[in-house]
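*Asks:* I would like to see how this sequence folds:
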Amino acid sequence: MYRKAMQNEIPLLELQGVTKDFGGTVVLSDVSFSLKKGEVLGLVGENGAGKTTLMSILFGMPVIAETGGYGGSIKIDGNEVAFKTPFDALDAGIGMVHQEFSLIPGFTTTENILLNREITKPNIAVQIFGPRMSTLNRPAMRNSAENALLKLGVSIDPDMKVSEMPVGHKQFTEIAREINREKVRLLVLDEPTAVLTETEADILLKAIKSLAAEGIAIIFISHRLHEVMSICDRIVTLRDGKSIRDIKTSETNPKDIAASMVGREITRSERKTGSRSELVNAEDIFTVEHLWVDMPGETVRDATFSVKKGEIFGIGGLAGQGKLGIPNGIMGLYPAGGTVRFKGELLELNNPKHALLKKLAFVSEDRRGVGLLLDESLEWNIGFPAMQMQGRFLKPLLGGLIKLRDEKAMRDSAEEYIRMLEIKCTSSKQAAKELSGGNQQKVCLAKAFMMEPELLFVSEPTRGIDVGAKAIVLDVLRKYNKERGTTIVIVSSELEELRSICDRIAVVSSGKIAGILSPEEDPTEFALYMSGVKGNGADAQGGIE
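*Replies:* Numbers count the residues shown, from 1 in each chain. Sure, this is the predicted structure:
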């Protein structure tokens, strides 16, 4: 086996003293570690610790060269390399699956997996006009894609368009594309299970072990420490841009890893108590009847439920069952129908502006596609929606004939939320695209808070966020709910997260509300409702007792 033979091998990958700064701000300092063939290395650290920047250097991402390059050295098989583009890294046998999807929505599974490596067949035109006239050998391409998916142990329609897939299928398609490349030797997986259900994550972890057994080295970046413990041979911790620990997995534990990441002991965030009895007699501020939403991969067929004023209401369920479709449909991002009332008034569906004017706000699960203006500053991202929809940060001049933006007020307000959410950035002027994924998620929350909503939808609030930041986000949501009385609806794939913060939890199955359970309910009950074994939507008003 490879893992027995790796002891005396020259490392496949060796990083020595890697450093990087952006505009004078050091984000990596003297990072060093190595990786052998067939080894699985866990790379952990808080959001902003430098993990993504380090992998961007390894993969030759253009942003590194555009910002002055990096210091230190990277060696492959003992030979120093300096990849200028991702194509250089691919040629060297390095594949990378990023946190954010890089698939083409209008292409099929097969077309995405074989993109730029299409299998062609000759024809008469090729003999006359050259290889550019070749046609696609679709059966061969389909077979190649199916083999890659088979390696991962998943069944995905090779002819399905990405735009119609649930998020879990998209992630498997991304990974299949990388392992389908010839001569892949090193695979970097950046939060690969963040969008997967527990069952899907288990399938992927088994596939990773199989790939390692074939001799493929893997860098596994994840905040799910139990997964890191289950598949990694060694674990490297980054903290404040430095590699502070390189340890065998057998010599550590999740609590120890978490403490090494943040430099302090992590205490588990407790579920809020004392408010459930007050909510028994609270009015229903938000009611949904027979909601349908045409969101590809997250179709809602017939959802009925109600939310009480001041409640933190959870919506959970397996991937592709419709939980993400509920807030997206209500907020007008996808075609929807049914009856939705807020404070007794009908909410106009398919009209995002109407929802925002009615004091509803939404933190989308798609932070890059929907949530952020990536090229703009943090203060612009945080303050712009409130300025656009509510007229805030505008100073009237000449009797209101013209209005000028109050830059100082916008900056001060943005900095307040940056402090509250502990967003790691150089200043409020920094571009959103330069932040780590977890800190981008916090900016999305800050933007929603700035709107001062009466009802806040938060979809996958801690996806891709480290253990320390996760506690901060959940505590801020609790505090916002308690101090301002804001009603919050949280949609999450993580059941324990919902149980830690919610007053009630609706389980979505097959596009319907299968049941509404207390967070104290046995986890087995949740599993039965999620799998469709129990519940038919009849208990959609079940509740606070």
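*Asks:* hang on, Gly322 packs against Pro296?
*Replies:* No: Gly322 is not in contact with Pro296 according to CB atoms under 8 Å; the separation is 11.5 Å. (C-beta placed from N, C-alpha, C; glycine too.)
*Asks:* comparing those two, which residue is more hemmed in?
*Replies:* Neighbours per residue (other CB atoms under 10 Å) separate Gly322 from Pro296, with Gly322 holding more: 28 against 15.
*Asks:* helix, strand or coil for the more buried one?
*Replies:* Three-state call for Gly322 (DSSP: H, G, I helix; E, B strand; the rest coil): coil.
*Asks:* do Trp292 as well
*Replies:* strand.
*Asks:* low-confidence bits of the stretch 51-200 of the chain, can you list those?
*Replies:* By pLDDT under 70, the low-scoring segments of the stretch 51-200 of the chain are 125-127, 129-133.
*Asks:* now do the helices in it.
*Replies:* Remark: helices assigned in the stretch 51-200 of the chain by DSSP state H, counting those that start in this stretch are 51-58, 62-66, 86-91, 109-113, 124-129, 138-152, 167-179, 198-213.
*Asks:* can you pull out the helices in the stretch 401-545 of the chain?
*Replies:* Using DSSP H, counting those that start in this stretch, helices in the stretch 401-545 of the chain cover 407-420, 437-450, 467-484, 495-501, 523-530.
*Asks:* just the angle for the longest one relative to helix 407-420, thanks.
*Replies:* Here helix 467-484 runs at 120 degrees with respect to helix 407-420, directions being taken by axes from the mean of the first three to the mean of the last three CA atoms, to 10 degrees.
*Asks:* what's in contact with helix 467-484?
*Replies:* For helix 467-484, the surrounding residues in contact (CB atoms under 8 Å, 6 or more residues apart in numbering) are 46-47, 223, 225, 258, 261-262, 266-267, 269, 272, 275, 310, 312, 420-422, 438-439, 441-442, 445, 449, 452, 456, 458, 461-462, 465, 486-488, 490, 497, 500-501.
*Asks:* show me which of those residues are buried.
*Replies:* By neighbour count, with 16 or more other CB atoms under 10 Å, those hold 46-47, 223, 225, 258, 261-262, 266, 269, 272, 275, 310, 312, 420-421, 438-439, 441-442, 445, 449, 456, 458, 461-462, 465, 486-488, 490, 497, 500-501 as buried.
*Asks:* what's the first-to-last distance across stretch 39-53?
*Replies:* 22 Å (CA to CA, to the nearest Å).
*Asks:* do the same with stretch 424-444
*Replies:* Terminal residues of stretch 424-444 are spaced 14 Å apart (CA to CA).
*Asks:* buried stuff in that stretch?
*Replies:* 424-425, 428, 430-432, 434-444.
*Asks:* do the same with stretch 211-230
*Replies:* 211-212, 215-225, 227-229.
*Asks:* among those, which are located in helices?
*Replies:* Residues from those lying in helices, with DSSP state H as the criterion: Leu211, Ala212, Leu225, Glu227, Val228, Met229.
*Asks:* lowest-confidence entry in the residues you listed?
*Replies:* Ranked by pLDDT, those bottom out at Leu225, which has 85.
*Asks:* how about that residue, nearest residue that isn't a chain neighbour?
*Replies:* Excluding the flanking residues, the one nearest Leu225 by CB to CB, 6 or more residues apart in numbering is Pro254, at 4.1 Å.
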